[in-house]
Structures are given as C-alpha cells and as structure tokens.
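Q: Show me how the following folds:
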Amino acid sequence: SGVTKVIRIRFLYKGVNHEGYAYGEIPETCGLSRIAALVIPGSGWNQSNGIYTRDKKNYHYGIYDALESENGVDSFIYIKPNEDILAWHDGSKKLRSNFYVGNLLNRGGSYSASYIIQSLAISKYLRSCYGKTIVAGLSQGGAAALIHAIQSKPDIAIIASGYSVINQ
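A: Numbering: from 1, shown residues only. Purely as a prediction, here's the structure:
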C-alpha cells in the first residue's frame, strides 16, 4: 500500500513512562501459531529504514526477507532514538549524537541502555501476542541482540558479528 507501518509500545520503567518504536504491523488478532521477529539494526544512520524498505545498498540487506521467508513470521525493525522517523532536528538537519548522548549522560542515563530497554519492552509485548519470538542483530545490533536475548529469552536468537563468546 506504500504506507509505512510503525508500532509504538508504551511502558513504565523505574516509575517513568517510556516508548519504543519499530517498523512493522501487529495483526488484527494475535495468534499463538505465529512468530514475531525483532531486528535490532547495527551502527550507522537510519539503518532501520534501510532494512524495512529492503534497500539493496544497506549492509543489512537480506535479513528482512530471510526472516519472513517462513510462513507465519511477522518482522519488526526496531528504531533507535534519533534515527529514521525518530530523528531530532534543529530546523535544518539532524542533531548530532553528542547532543542527545550528552544529555542522557547528564541526566544519569545511557543511550545504549535506553535502546536495549526499549527493544526489550517491544519484545515483551510481542511475546504477549505471538507464540514464538526471534531476536536478530548484525554488527552493533548483534551485540545489543545478545544482551537482549539473555534478558528476553527468545525462541531463536540470531547474533551476527556483534560479539563472540569464543573470544572470552
């Protein structure tokens, strides 16, 4: 249809309201026979959109199609803070990371922790609607997907080049 589908998950963390976003569409009825896959994008600007639109120039190319090649798999592409449709602008261009990362640090937060917590909230919601879950990540998203998988215990975790337990 040409319309970009985005889900917004609202959640409470340490007594404060937060939101997490992902490209994708929740079906009208949940079904335990269905599978939800959450992709955590790697480093680089606006990677979520490149995955979602199946951009052949994007280094994640193929992950969306590979996940959806199975019947009953609905894929969701996590959108990091200040990326894609969530980008903050100063009126002419996207704000640089030193603005929002510094702001988070000054308030006792962490950019990395914030996006892992947001992705976990999305997974928790997906688990409530689907019979099985998958988490996948490549590069920086692979490291995040590993931490995410330890917490969320998905049925399948696809960790690509973010971190290797062989090195430890």
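
Q: Just to be sure, Gly131 is in a helix?
A: No - the secondary structure assignment for Gly131 gives strand rather than a helix, going by DSSP: H, G, I helix; E, B strand; the rest coil.

Q: Spatially nearest residue to it, not counting backbone neighbours?
A: Here the nearest residue to Gly131 in space, its sequence neighbours aside, is Leu32; by C-beta to C-beta, 6 or more residues apart in numbering that works out to 3.6 Å. (Glycine included, C-beta is placed from N, CA and C.)

Q: And the next helix or strand past the helix or strand encompassing the one you found?
A: In the assignment (DSSP states H and E), Leu32 maps to strand 31-40. Elements were assigned by DSSP H and E; along the chain past strand 31-40, the next helix or strand is helix 47-52.

Q: mean confidence for that following helix?
A: Mean pLDDT, helix 47-52: 86.

Q: Show me the contact partners of it.
A: Among residues not part of helix 47-52, those counted as contacts by C-beta atoms under 8 Å, 6 or more residues apart in numbering are 4, 22-24, 39, 41, 55, 57-58, 60-61, 63-64, 77-80, 83-85, 141.

Q: Narrow those to those in strands?
A: Residues from these lying in strands, with DSSP state E as the criterion: 22-23, 39, 77-79.

Q: What is the nearest of these to Phe11?
A: Phe11 has its nearest neighbour among these in Ala22, at 13.1 Å by C-beta to C-beta.

Q: does that closest one really touch Ile77, like I thought?
A: Yes - contact criterion C-beta atoms under 8 Å: Ala22 and Ile77 qualify, at 5.8 Å.

Q: Pull up the overlap in contacts between those two.
A: 38, 48.

Q: low pLDDT regions in the chain?
A: The model of the chain has pLDDT under 70 over residues 1-2, 69-71, 95-109, 162-168.

Q: show me where it has helices.
A: 47-52, 63-68, 97-106, 111-129, 140-152 (DSSP state H).

Q: Most tightly packed of the ones you listed?
A: Per-stretch averages of neighbours, counted by mean count of other C-beta atoms under 10 Å, single out helix 47-52 among the helices of the chain, with a mean of 24.
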